[in-house]
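Need the 3D shape of this:
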Amino acid sequence: MTDNHENDRTYIYVGTIGAKGHGKTTLTAAITHVLAKEHLSAPQSFASIDDAPEYTTNAGVTYRSSMVDYVSKSYVYFHSDCPDYMDYVKGLITGHLRMGTAILVVSIDVGFNRETDEYLRLLRSMGIGNVIVYINKADKIHDEAFISEMASLITEQLEEAGYDRALSPVIVGSAKKALEGDPKWEKSIKALVQAMEDYVVPPVPLKDQPFVMPVEDIFMVSWRDTLARSRITSGTLYKNDELELVGIRDTQHTRCSSIEVERRLKDSAQATELAAVGLKGIDREDIEEGMVLGKNGSIKPYTRFEALLYCLTGDEGGRKTPLHNGFEGDFRLHYLDVAGTASWPRDIEMMVPGDELNVTVRLSKSMAMKAGVKFEVRQHDQVVAVGRVTCPID
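Next up, the predicted model:
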């Protein structure tokens, strides 16, 4: 990618999704080749993208993903392409794979199928509401009326899945022909990039989101207020900000009396920084690891929540036997292990290693919670599953 002004642009994380054989990896390669002619990307071959490297998360979960990058007038795109559905599941649940916009690739001679529906459910669970549709392999169909009818049908199916058709443009093209350099179909790639330019919802920078910081360590200094130390998850904190201490016990109110970053006192700290925060009026016995600091109302306590859960395989360090409905475990949230149970609809008897499932979790104590919070599940000090909160309940 060559551009002297790319630092002036917003970063967008996008991914191609779609059923096997519909052409998502071909489309990813085609985007790089078409944009390379305008010096907006480095061309990547289909083979290099298809040969996706394997990544291992701290919990032992493995997934494969390739990434390409390119630019448009307003954005710098980091574009992920995974070999199959479970790679996306594992990457998104653990947070290692970032995606704010999805390009849904649908082959015109097949349309929506079960795998397409699974992808859309996954996107909804992960809170990804920005979807652009690329109807692929249109070079095989020479009936314009059929193409138009298929585009309308796909738009209707997208609406049934909960997406707004006004915010989900549909592009018709042929990724293979565009990759081969056919000018007619290269136009569809340019139209796709323009649709991203027009319809992408830029992410809110972490530093501009509500302030949230889980409490990892607690320090007492005789001449200062109680110090809570951890890495700031989101937002920006200023000295004298009013704060809440949420989770485990009743919510407590406090004020930020000092901020220390890298052993230096500062007037503010922001997301990703490791900070020690002085808490006015909070005694040592009032605070525990696992509580969460937040600006007033930014996060609330819950004991029950819905989540998407992935069961690790034996090769990933997990179980070799299934998890049964209502299983018990220690749910690690905000640096604390909390006893809890996970259940799912009664018609599903068990969750075998390598499966993903929407579950309802009940914890033994209230914890600060919001959609997107990631957690691990342990049994006898072994990580057996990883999950991501989709909806707090009560």
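
now the residue nearest to residue 252 when sequence neighbours are not counted, what's its secondary structure?
In space, residue 252 comes closest to residue 245 once its chain neighbours are excluded; the distance is 4.3 Å by C-beta to C-beta, 6 or more residues apart in numbering. Using the backbone N, CA and C atoms, a C-beta is placed for each residue, glycine as well. Classification of residue 245 by DSSP: H, G, I helix; E, B strand; the rest coil places it in strand.

can you list the domain ranges for the protein.
For the chain, the domain assignment from automatic domain parsing gives the residue ranges 7-199, 206-295, 300-392.

For residue 74, grab phi and psi.
Main-chain torsions, residue 74, degrees, to the nearest 10: phi -110, psi -20.

From the structure, what's the count of residues near it?
Residue 74: 14 surrounding residues under other C-beta atoms under 10 Å.

got a list of what it touches?
Residue 74 sits next to 9, 10, 197 when contact means C-beta atoms under 8 Å, 6 or more residues apart in numbering.

As a check, name the ranges of all helices in the protein.
24-36, 46-50, 85-94, 114-125, 144-160, 175-179, 183-199 (DSSP state H).

right, so of those helices, which gets closest to residue 305?
helix 114-125 (12.6 Å; C-beta to C-beta).

Please work out how many residues are found near residue 271.
Quick note: residue 271 (other C-beta under 10 Å) scores 19 neighbours.

What of residue 372?
13.

what's the answer for the one 4 residues further on, then?
For residue 376, the neighbour count with other C-beta under 10 Å is 22.

Quickly list what the residue nearest to it when sequence neighbours are not counted is bridged to.
Excluding its sequence neighbours, the residue lying closest to residue 376 (C-beta to C-beta, 6+ apart) is residue 332, at 4.4 Å. Bridge pairing for residue 332 (DSSP bridges) gives the partners residue 337, residue 376.

and residue 332, how many neighbours does it have?
Neighbour number of residue 332 under other C-beta under 10 Å is 18.

close enough to count as contact, it and residue 375?
Yes: the criterion here is C-beta atoms under 8 Å, and residue 332 meets it with residue 375 at 5.8 Å.

about what we covered before: and the pLDDT for the residue nearest to residue 376?
pLDDT for residue 332: 96.

list the contacts for it?
Contacts of residue 332 by C-beta under 8 Å, 6+ apart are 338, 375, 376, 377, 378.

ok, now with 7 Å
375, 376, 378 (C-beta atoms under 7 Å, 6 or more residues apart in numbering).

what do you get for residue 325?
Contact partners of residue 325, counting by C-beta under 7 Å, 6+ apart, are 343, 344, 348, 349.

The last one: what's it in contact with?
Spelled out, that is residue 349. Neighbours of residue 349 in contact, by C-beta under 7 Å, 6+ apart: residue 325.

ok so, going back, nearest to residue 164 among the contacts of residue 325?
Checking these one by one against residue 164 (C-beta to C-beta), the nearest turns out to be residue 344, at 29.3 Å.

and that closest one, how many neighbours?
17.

how much space between it and residue 325?
Remark: distance between residue 344 and residue 325 (C-beta to C-beta, to the nearest Å) = 6 Å.

Could you do residue 231 as well?
35 Å.

next one: residue 271
Counting by C-beta to C-beta, the gap from residue 271 to residue 325 is 38 Å.

Same question for residue 270.
Residue 270 is 42 Å from residue 325, by C-beta to C-beta.

For residue 254, which non-adjacent residue is spatially closest?
residue 279 (4.6 Å).

Report the contact partners of that neighbour.
Counted by C-beta under 7 Å, 6+ apart, residue 279 has contacts 225, 226, 228, 254, 257.

Kindly reformat those residues as JSON lines and extend each row with neighbour count.
Formatted as JSON lines, the contacts of residue 279 follow (neighbours: other C-beta atoms under 10 Å):
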{"residue": "225", "neighbour count": "19"}
{"residue": "226", "neighbour count": "21"}
{"residue": "228", "neighbour count": "27"}
{"residue": "254", "neighbour count": "22"}
{"residue": "257", "neighbour count": "17"}
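
Now, those residues that are in strands?
226, 228, 254, 257 (DSSP state E).

The third one pairs with what?
Yep, that's residue 254 we're talking about. Under the criterion used here (DSSP bridges), residue 254 is bridged to residue 243.

What separation do you get for it and residue 117?
From residue 254 to residue 117 the distance is 47 Å (C-beta to C-beta).

go on, residue 77?
26 Å.

For these two, work out which one has more neighbours and name it.
Shown here are residue 77 and residue 117; by other C-beta under 10 Å, residue 77 has more neighbours (25 against 14).

Test my guess that residue 274 contacts residue 231.
Yes: between residue 274 and residue 231 there is a contact under C-beta atoms under 7 Å: 5.0 Å.

ok so, going back, return the member of the contacts of residue 325 nearest to residue 392.
For the contacts of residue 325, the nearest to residue 392 is residue 343 (16.1 Å; C-beta to C-beta).

neighbours around the closest residue to residue 98 other than its chain neighbours, how many?
Distance criterion C-beta to C-beta, 6+ apart; nearest residue to residue 98, sequence neighbours excluded, is residue 13 at 4.1 Å. Burial of residue 13 is recorded as 16 neighbouring residues (other C-beta under 10 Å).

so what's residue 114 up against?
Neighbour list for residue 114: empty [criterion: C-beta under 7 Å, 6+ apart].

The same query, at a cut-off of 10 Å, please.
residue 19 (C-beta atoms under 10 Å, 6 or more residues apart in numbering).

With the one 5 residues further on instead?
Neighbour list for residue 119: 17, 18, 19, 24, 85, 88, 89, 102, 104, 105, 131, 161 [criterion: C-beta under 10 Å, 6+ apart].

need those in TSV with neighbour count, can you?
What follows is the contacts of residue 119, written out as TSV (neighbours: other C-beta under 10 Å):
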residue	neighbour count
17	25
18	25
19	23
24	26
85	17
88	25
89	24
102	25
104	27
105	24
131	23
161	18
